[in-house]
Structure formats: C-alpha cells, structure tokens
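K.L.:
With the sequence up front, the predicted model follows.
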Amino acid sequence: MRLGINLGYWQRDPVDDTETVLAAERLGYDQVFTAEAYGSDAFTTLTWYGARTSRIGLGTAVTQMSARTPAATAMHALTLDALSGGRLTLGLGASGPQVVEGWYGVPFARPLARTREYVRILRDVWRRAEPVTSTGPHYPLPLRSYGVSDGVTGLGKPLKSIAHPLRPDIPIYLGAEGPKNVALSTEIAQGWLPLFVDPERIEPVFGASLRDRPDGFDIAATVTTIVTDDVAAALEVAKIPLAFYIGGMGARDRNFHLDLIGRLGYAEEAARVQDLFLAGRRDEAIRAVPDALADAISLLGPLDRIRERLRLWLDSPVTTLLIAGVKDEPTLKAIRAMVPA
C-alpha cells in the first residue's frame with residue numbers, strides 16, 4: 001500500500017502546510033493531495049508545495065471540471081507536471097448541481113458523458129497528435145454557432161498545444177461516489193478517489209463498479225485521522241465534515257453524498273442529519289451523525305487503536321491511503337511505520 005497525505009482546501013483562513021509536506025517527503029510518503037470547493041483552488045496550493053519539494057508526488061483530490069474548460073485544465077496540468085519533473089496526478093470531479101450551477105454558473109448536465117468528453121480532450125491536448133477537435137455536445141471544439149444571436153464568430157480553428165508536455169500520459173483519477181461514476185473511473189482513468197469509504201464495505205457497496213478495473217488501478221482513499229486518547233472527542237471532530245457534506249453539499253432532493261451514506265447502511269440517519277442541517281440546527285446535525293459511521297471511515301484514537309483499525313484498510317482493495325488531518329511530524333512518522341512500504 002502507498003501512503004500519502006490529503007491537505008484538503010482552506011476552510012476559512014489561508015493555511016500554508018509546507019512544513020507538513022516537507023515532513024511527509026522526509027518520511028517517505030508517496031504523495032500530497034490538495035482540493036478545492038468554492039474558495040481556495042487546488043492547483044495554486046499544489047504548485048506552492050511542489051516548488052518546495054523534490055520527490056513527493058503531487059495530486060489534486062479533486063479539481064472540479066466545471067471550474068475550467070478541458071483545455072484550461074490540460075494547460076494547468078502539463079505546466080505543473082513539467083515544472084515538478086513529472087510528479088502530477090490529476091484528480092477530477094464533476095461536483096454536484098448546487099456548486100456547478102450556483103457557483104460556476106454552468107449547467108450540471110449528464111455528468112458521465114461530460115466526464116468522458118472532458119478526459120478525452122485532456123489526453124488529446126497532451127498527446128499533440130493533431131490539432132484538438134471535439135464533436136461532443138458539452139465541449140465542442142472549435143465552438144460552433146447555433147444561431148445568429150449566440151455571439152459565436154465561427155472563426156475558431158483547431159489548435160495544438162505549442163508546449164510539448166513532459167509526459168503525454170499524465171495520470172488521471174476520478175473522484176466518484178455513484179456506482180456508474182465509479183465504474184467509469186475503471187474504464188477511462190488510472191485511479192479512483194473515494195471520499196467516504198468503509199474498508200469493510202467496499203466489496204458490497206462498490207464491488208460491481210470495480211469488477212472490471214485494470215491491473216495497476218489505484219484506489220486512493222482519503223481517511224480522516226485523529227490521534228488522541230479521547231476517542232469520543234475524536235468522533236465529534238470526525239462528524240463535522242460528514243454533517244456538512246450530508247446536509248450542505250447538495251440539494252435536498254439531489255445530494256450524492258447523502259446517497260452514498262445511505263448505501264453504506266445509514267439512509268435513515270443520513271436523512272435526519274440532512275433535515276437538521278437544512279433547518280439551521282447544525283450542532284444537532286453533527287451530533288446526529290452515527291458514531292459507528294464516523295469511526296468506520298476514519299482512523300481515530302490512540303496509536304494502538306489506529307494500528308489495529310489500520311489492518312482493515314491493509315486488507316481492503318484500497319491501494320493508497322491518504323491521511324487527512326495530521327500535521328505534526330511525530331504522528332506522520334508513527335503512521336508511516338505502521339504501513340508496509
């Protein structure tokens with residue numbers, strides 16, 4: 001199993017996690033991942049850390065497709081990959097309609113088809129076999145005119161990147177939760193980035209979606225990790241992001257995170273969390289998250305307890321463990337010692 005860290009995105013104030021990243025590199029961690037929601041972006045922070053390191057892999061978990069056209073993402077990726085000496089793993093996600101239409105102001109339409117089209121354009125840009133064109137409905141290249149009043153000049157022409165990518169095959173991982181999205185990752189990507197995963201429930205929940213994954217396919221799971229002697233306090237902290245995603249990262253009638261928690265066996269509890277969160281009773285929503293759920297998808301408690309629960313991950317289909325929440329070097333070192341290289 002490979003081991004990495006996931007720094008996530010800024011919650012409120014800017015955070016420079018350079019010391020954490022340097023410690024992870026010294027200790028032999030394989031990768032550092034950054035993320036974005038609707039605040040800090042993933043590429044800038046990842047470039048910041050890439051400029052201060054020399055070996056550790058750099059990943060996005062995840063960049064949101066609707067934030068950038070495929071060409072823009074391809075440019076970001078080939079630039080960072082070249083400057084870092086070929087260390088980039090590009091994690092992509094479709095996000096959900098609340099963010100896509102509310103923050104980026106673009107339609108949330110046919111996410112599976114959009115993802116397939118997006119990834120194909122990325123690879124066409126990096127391969128530079130010919131000028132990039134796309135006949136797909138989501139990202140037509142060149143842009144077509146649909147009428148005299150749409151503002152399209154009709155002068156667009158197929159172009160080829162003037163920069164030669166260091167690697168024409170930058171690894172792409174998909175952040176996915178629904179069964180069809182997870183299956184799509186095994187078809188068009190090199191890895192899958194699950195957000196909330198119970199190592200004991202991967203086969204019953206995702207087994208059918210992962211059945212056709214190719215050899216070397218990477219399942220890189222982010223795991224909230226809190227080292228403390230107070231397990232009850234750690235559970236309360238681990239519940240906070242769960243309540244936020246179940247209650248606030250999606251509409252009442254269309255929330256992919258809530259749906260996933262239901263498939264993990266907590267549908268009734270998740271509905272209760274959502275009701276409380278949307279009613280503005282956020283503290284109650286956090287408390288309503290089941291202890292068993294927060295514990296199953298996290299690594300919480302004293303190091304001996306974490307070592308014991310880590311066996312569940314080592315025995316699971318997960319191939320990369322992304323530790324989230326740990327910032328100090330002694331704890332990073334202790335966890336590194338628990339995971340076989």
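P.N.:
That came through fine. Numbering: from 1, shown residues only.

K.L.:
the strands in the stretch 1-150 of the chain, which residues?
P.N.:
Along the stretch 1-150 of the chain, counting by DSSP state E, counting those that start in this stretch, strands occupy 2-6, 31-34, 57-60, 63-64, 88-93.

K.L.:
Looking at those, spot the one closest to Tyr146.
P.N.:
When the strands of the stretch 1-150 of the chain are compared by Cβ to Cβ, strand 63-64 sits nearest Tyr146, at 25.9 Å. Any C-beta I mention is one placed from the backbone N, CA and C, and that applies to glycine too.

K.L.:
now for that closest one, which elements pack on it?
P.N.:
strand 88-93 (3 or more Cβ pairs under 8 Å, 6 or more residues apart in numbering; DSSP states H and E).

K.L.:
Enumerate the sheet neighbours of the strand it packs on, specifying parallel or antiparallel for every one.
P.N.:
Strand pairing for strand 88-93, determined by DSSP bridges: strand 57-60 (parallel), strand 63-64 (parallel), strand 172-175 (parallel).

K.L.:
And Val119, how far from Arg12?
P.N.:
For Val119, the distance to Arg12 equals 33 Å [Cβ to Cβ, to the nearest Å].

K.L.:
And for Ala72?
P.N.:
From Ala72 to Arg12 the distance is 27 Å (Cβ to Cβ).

K.L.:
Tell me which of these two has more neighbours.
P.N.:
Taking other Cβ atoms under 10 Å, Ala72 and Arg12 do not tie; Ala72 has more neighbours (10 against 6).

K.L.:
Mind pulling the model confidence for the more buried one?
P.N.:
pLDDT for Ala72: 98.

K.L.:
And the one 3 residues further on, by the same measure?
P.N.:
In this prediction, Met75 carries a pLDDT score of 98.

K.L.:
What is the burial count for it?
P.N.:
Neighbour count of Met75, defined by other Cβ under 10 Å: 16.

K.L.:
Might you report the residue contacts of it?
P.N.:
125, 161, 163 (Cβ atoms under 8 Å, 6 or more residues apart in numbering).

K.L.:
same deal with Gly265?
P.N.:
Arg201 are the contacts of Gly265 under Cβ under 8 Å, 6+ apart.

K.L.:
And it, how close does it get to Tyr9?
P.N.:
Where Tyr9 is concerned, Gly265 sits at a distance of 28 Å (Cβ to Cβ).

K.L.:
Leu166 now?
P.N.:
Counting by Cβ to Cβ - Leu166 and Tyr9 are separated by 26 Å.

K.L.:
Which of the residues in stretch 28-48 are classified as buried?
P.N.:
For stretch 28-48, burial by neighbour count (16 or more other Cβ atoms under 10 Å) applies to 29-37, 40-43, 45-47.

K.L.:
hey, C-alpha coordinates of it in PDB?
P.N.:
Output of stretch 28-48 as PDB, limited to C-alpha atoms (Å, rounded to 0.1, in the frame of the first residue of the first chain):
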ATOM      1  CA  GLY A  28       8.900   8.700   2.500                       C
ATOM      2  CA  TYR A  29       5.200   9.400   1.900                       C
ATOM      3  CA  ASP A  30       4.400   8.900  -1.800                       C
ATOM      4  CA  GLN A  31       2.000  11.800  -2.500                       C
ATOM      5  CA  VAL A  32       0.400  15.000  -1.200                       C
ATOM      6  CA  PHE A  33      -3.000  16.000  -2.500                       C
ATOM      7  CA  THR A  34      -4.900  19.300  -2.400                       C
ATOM      8  CA  ALA A  35      -8.500  20.000  -3.100                       C
ATOM      9  CA  GLU A  36     -11.000  22.800  -3.900                       C
ATOM     10  CA  ALA A  37     -14.600  23.500  -3.100                       C
ATOM     11  CA  TYR A  38     -15.700  27.200  -3.500                       C
ATOM     12  CA  GLY A  39     -12.800  29.100  -2.000                       C
ATOM     13  CA  SER A  40      -9.100  28.200  -2.400                       C
ATOM     14  CA  ASP A  41      -8.200  26.300  -5.600                       C
ATOM     15  CA  ALA A  42      -6.200  23.100  -5.900                       C
ATOM     16  CA  PHE A  43      -3.600  24.000  -8.400                       C
ATOM     17  CA  THR A  44      -2.100  27.000  -6.800                       C
ATOM     18  CA  THR A  45      -1.500  25.400  -3.400                       C
ATOM     19  CA  LEU A  46      -0.200  22.200  -5.100                       C
ATOM     20  CA  THR A  47       2.300  24.300  -7.100                       C
ATOM     21  CA  TRP A  48       3.400  26.100  -3.900                       C
END
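
K.L.:
Mind checking the pLDDT average for it?
P.N.:
What stretch 28-48 shows for mean pLDDT is 97.

K.L.:
Report the distance from that stretch to the chain centre.
P.N.:
Taking Cα atoms, centre = their mean, to the nearest Å, the mean C-alpha location of stretch 28-48 is offset from the chain mean by 10 Å.

K.L.:
Right, I'll leave it there.
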